[in-house]
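Undergrad: Quick check, what structure comes out for this input:
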Amino acid sequence: MASLFAGTHFLFYLFLLRTLFVTSLSSDGEALLSLLSAVEPSAKASSSVLSSWNPKSPTPCLWQGITCSPQDRVVSLSLPDIFLNLSSLPPQLSSLSSLQLLNLSSTNVSGTIPSSFGKLVQLRLLDLSSNSLTGSIPQGLGQLYSLQFLFLNSNRLTGGIPPQLGNLTSLQVLCLQDNLLNGSIPSQMGSLVSLQQFRIGGNPYLTGGIPSQLGLLTNLTTFGAAATGLSGVIPPTFGNLVNLQTLSLYDTEVSGSIPPELGLCSELRNLYLHMNKLTGTIPPQLGNLQKVTSLLLWGNALTGSVPAELSNCSSLVVLDASDNDLSGEIPGDIGKLGVLEQLYLSDNSLTGLIPWELSNCSSLTTLQLDKNELSGSIPWQIGNLKHLQSFFLWGNSVSGTIPSSFGNCTELYAIDLSRNKLTGSIPEEIFSLKKLSKLLLLGNSLSGKLPRSVSNCQSLVRLRLGENRFSGQIPKEIGQLQNLVFLDLYMNHFSGILPSEIANITVLELLDVHNNYINGEIPSQIGELVNLEQLDLSGNSFTGDIPSSFGNFIYLNKLILNNNLLMGSIPKSVRNLEKLTLFDLSFNHLSGQIPSEIGYLTSLTIGLDLSSNMFTGEIPESVSSLRQLQSLDMSHNMLHGTIKVLGSLTSLVSLNISFNNFSGPVPVTPFFRTLPSNSYLQNPNLCESIDGSTCSSSLIQKTQLRSAKTVALITVIIASVTIAVIASWFLVTRNHRYMIEKSAGASSSSPGAEDFSYPWTFIPFQKLGFTVDNILDCLRDENVIGKGCSGVVYRAEMPNGELIAVKKLWKTKQDEEPAVDSFAAEIQILGHIRHRNIVKLVGYCFNKSVKLLLYNYIPNEYGYTMNITEKSDVYSYGVVLLEILTGRSAVGSQVGDGLHIVEWVKKKMGSFKPAASILDVKLQGLPDQLVQEMLQTLGIAMFCVNSSPAERPTMKEVVALLMEVKTQPEEWGKTSQPLMKQSSNQS
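TA: Presented below is the predicted three-dimensional model:
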């Protein structure tokens, strides 16, 4: 009995041990549980993959995402696109000693890469891409000698590329792009003899030269180093890369010439060298690349001619050499490129004729030759390009007529022939094009009538014919163009009446017919154009009243009716023009009182001009509401009463009330203190005042005194300048007209007088291609773009085309010692600070009387112009969206190259880089469906910051677009496509 009991007892323990052995999780399973325990509970619950990870399982081999060997060792851990939301990678994973594949891409992992991963010596693939990993790349990864694929891209990794990675002689793919790596490319990378893909682009802090040792990687098919700080030359040893298919080296600091040895890379398909600092000529050896499909060289400083040898690149689809310094003629041999679809040669110095042989490029869809020095006529053979969609030739010296053969290009949607020397009429065949949306012929010598057949081109969105010699009546059929948004007919010889049928173009946003010979009354139906934003009817012979229907223009920001024969009074309906920034009624026959409703135009910022009419009565008190108004002209009327209300206009920088009958004291404000005397002429009852209420002296006597001193001052200054020219070779004479104008307004007898005479001190903070004289020539009233508490800001265009903003500081009273020297203060602060809301100071200059600060001019920031409209609000909202999506400031060093964020995004979109690379790296780590939503939002943001206000959506439309952003599930798997370069269309 005892033996039986003993035997039973033994069997029980044997069963118990067997049970314990079977149900105990393996060491590999325990290592994997360290990963599971680090996952947020909410992520665990929502993942069907992780819910299969049962800690009670004897082995992890049945868990989803896990693959085991026949010996039940874990050889693969693959959880791509699973939202793990890990704050760090568990170092226990390094105990998976048989692991060959580790894929945790797009799992929202942060923290650093554990150095212990260097123990995973069996690894063949390591993919930690598209996360939020920080820190440096562990040197220990250089011990993974079996590694074939290493993906660490799209994180926030810092530090240098470890030279130890050069030990991975089995490595085939190395992807480190889109991080924050710094330092240079180690020369040891030349030891990766098996490497096929080497991608390090999108690391803006990666600097130094490209090692010539990379030319030893003869198996390399892809080398991507775009959007980095790499410099130096392209190594000629790259000619040894006989298997290279893609060389992506754009948006860098690379300089020097394009090595002709690249012509030996016979497998090359994509050569992206744009947006660099390359010089020299385009090597004719590139013509040996018979498999190349994309050759992008734009945005460099390349010189010489376009080599005819490129015609041997028989597979070429895109050729872009625009924005360089190329010269010579366009080789006719380019016509041999039978599969060429896009040819960009704009913004160079090309001369000669447009070769008719281009018509042999039968696949051509885009032909951009704008901004060159081309001459001769447009070859009629261009009409043979059946697939042509856009043809840009603006800014050349092309003459002759517009070929009627354009009518054969049935796919054309954009033609821009502006700024040439074209003559003749517009061929009616052009208006038969059913897809044509943009026809731009500005600034030529075209003549004849605008044909009635214009109505056939129902697809037209922009019709811009200004600055030509067109004549006759504007055809009423133009009113049938239901999609027309821009209609420019200014500076021609159009006559007759303005057809009321234009009112049928309900989407019209810009109507400009200024400087023609149009007569008759303004059709009241024009008021039905409720989407109109700019209306310019000036410089014609319009008669009759201003239609009260103009009160329907609730989006109008510019209303320009000057130099006509208009009569009657200003309609009270103008009170509805709440978006108006410029209102010009000067040089008409308008009469009556200025209506109090003018005070509702609180958006008026640029100017209100009522001069040279027959207005009577007093200035209405409601004018005090125009607190953003910068320029006011009421001269040459019959107005009377006081001007006290004008003292409320705190933004004024220009005022003219001369030739009226105003009386009483002049307001005592800093602006009126510096106002020149010619602003008050022929108002004998105006007087100066100390307290703003009572007269202290006669203004007319002061004016006479100033005039006498002005004459004397002119004489002295002219004499001084003449002597200075003879005595000092380095002093340059001022422009005579400018000198007279400035001297006349610089009487030293008046408070706050300004003296623009030499000597001037000019201190630039960087290399500047202009002089003090160039700056002073731009200090005119028409260039004023803003006013602050410390000075006036001017828009200044230099002779080299560069735009700057010049801030002229207010002159302090001579009898006051300023508590703060604002000039020195701004120099000290702005010279050292770079902030999103502070524009870069590029220099300053001063003489004994005037102090000027020179800033970068940023045209799309409204801080200068204060021209706030609904569309500028939309623009600002778009900028905010871009800041959120990119994680960058609107202006600052973060953006790069001193670019505004809008220009930075456009620059990035001008490459073949995936759209997702524009996003903040923190957003790139989100699940793909969320990234897709961010990319849709990016598209909406770019819609908001369109350079043309007319093409921006309303805020209501923005809200509707944002509400539809949610990505549909079936679209989640789509990958982002490369973004093509924006066209160079000037419109």
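Undergrad: And for the nearest residue to residue 571 once chain neighbours are set aside, the neighbour number?
TA: With Cβ to Cβ, 6 or more residues apart in numbering as the criterion, residue 571 has its nearest non-adjacent residue at 4.2 Å, and that residue is residue 548. All C-beta atoms are positioned from the backbone trio N, CA, C, and that covers glycine. A total of 13 residues lie near residue 548 under the criterion other Cβ atoms under 10 Å.
Undergrad: Kindly report the same for the one 4 residues further on.
TA: Residues lying near residue 552 (other Cβ under 10 Å) number 18.
Undergrad: Give me the pLDDT for it.
TA: The model reports residue 552 with a pLDDT of 95.
Undergrad: how would you label the nearest residue to it once chain neighbours are set aside: helix, strand or coil?
TA: Nearest residue to residue 552 in three dimensions, chain neighbours excluded: residue 527, at 4.7 Å (Cβ to Cβ, 6+ apart). With DSSP: H, G, I helix; E, B strand; the rest coil as the basis, residue 527 sits in helix.
Undergrad: quick one: residue 527 from residue 646, how far?
TA: Residue 527 sits 31 Å away from residue 646, going by Cβ to Cβ, to the nearest Å.
Undergrad: which of the two has more neighbours?
TA: Set residue 527 next to residue 646 and count neighbours by other Cβ under 10 Å: residue 646 wins out with 23 against 18.
Undergrad: and residue 602, which of the three is it?
TA: Per three-state DSSP, residue 602 ends up coil.
Undergrad: now it, nearest residue through space, not along the chain?
TA: Here the residue nearest residue 602, using Cβ to Cβ, 6+ apart, is residue 625, at 5.5 Å.
Undergrad: so where do the strands sit in the stretch 151-300 of the chain?
TA: Assigned by DSSP state E, counting those that start in this stretch, the strands in the stretch 151-300 of the chain fall at 173-175, 197-199, 222-224, 231-232, 246-248, 253-256, 270-272, 277-278, 294-296.
Undergrad: what lines up beside the third one in the sheet?
TA: When you say that, I think you mean strand 222-224. Partner strands and pairing direction for strand 222-224 (DSSP bridges) are strand 197-199 (parallel), strand 246-248 (parallel).
Undergrad: And for residue 78, the neighbour number?
TA: Residue 78: 17 neighbours (other Cβ under 10 Å).
Undergrad: Distance check, the nearest residue in space to it that is not next to it in sequence against residue 573.
TA: Excluding its sequence neighbours, the residue lying closest to residue 78 (Cβ to Cβ, 6+ apart) is residue 103, at 4.2 Å. Using Cβ to Cβ, residue 103 is found at 68 Å from residue 573.
Undergrad: Equivalent analysis for residue 880, please.
TA: For residue 880 relative to residue 573 (Cβ to Cβ), the value is 35 Å.
Undergrad: ok, now residue 213?
TA: 76 Å.
Undergrad: for residue 553, same thing?
TA: In terms of Cβ to Cβ, residue 553 sits 9 Å off from residue 573.
Undergrad: Of these two, which one has the most company?
TA: residue 553 (25 against 18).
Undergrad: so what's that one up against?
TA: 527, 529-530, 532, 535, 559, 576-577 (Cβ atoms under 8 Å, 6 or more residues apart in numbering).
Undergrad: For PyMOL, what selects the buried ones among the residues you listed?
TA: To isolate the buried ones among the contacts of residue 553 in PyMOL, judged by 16 or more other Cβ atoms under 10 Å, type:
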select buried, resi 527+529+532+535+559+576+577
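Undergrad: and the contacts of residue 553, which of them are in strands?
TA: 535, 559 (DSSP state E).
Undergrad: Closest to residue 691 out of the contacts of residue 553?
TA: Lowest distance from residue 691 to the contacts of residue 553 (Cβ to Cβ) belongs to residue 577, with 36.7 Å.
Undergrad: rewinding a little: most tightly packed of the strands paired with strand 222-224?
TA: Mean neighbour counts were compared across the strands paired with strand 222-224 using mean count of other Cβ atoms under 10 Å; the top stretch is strand 246-248, at a mean of 22.
Undergrad: Can you tell me how far the residue nearest to residue 78 is from residue 76?
TA: Between residue 103 and residue 76 the distance is 8 Å, computed by Cβ to Cβ.
Undergrad: What is the subsequent helix or strand relative to the helix or strand of the chain with the lowest mean pLDDT?
TA: Across the helices and strands of the chain, the lowest-confidence element by mean pLDDT, DSSP states H and E is helix 736-744, at a mean of 34. Once helix 736-744 ends, the next helix or strand along the chain (criterion: DSSP states H and E) is strand 761-764.
Undergrad: and that following strand, what other elements does it pack with?
TA: strand 841-846 (3 or more Cβ pairs under 8 Å, 6 or more residues apart in numbering; DSSP states H and E).
Undergrad: Heading C-terminal from the strand it packs on, find the next helix or strand.
TA: strand 851-856.
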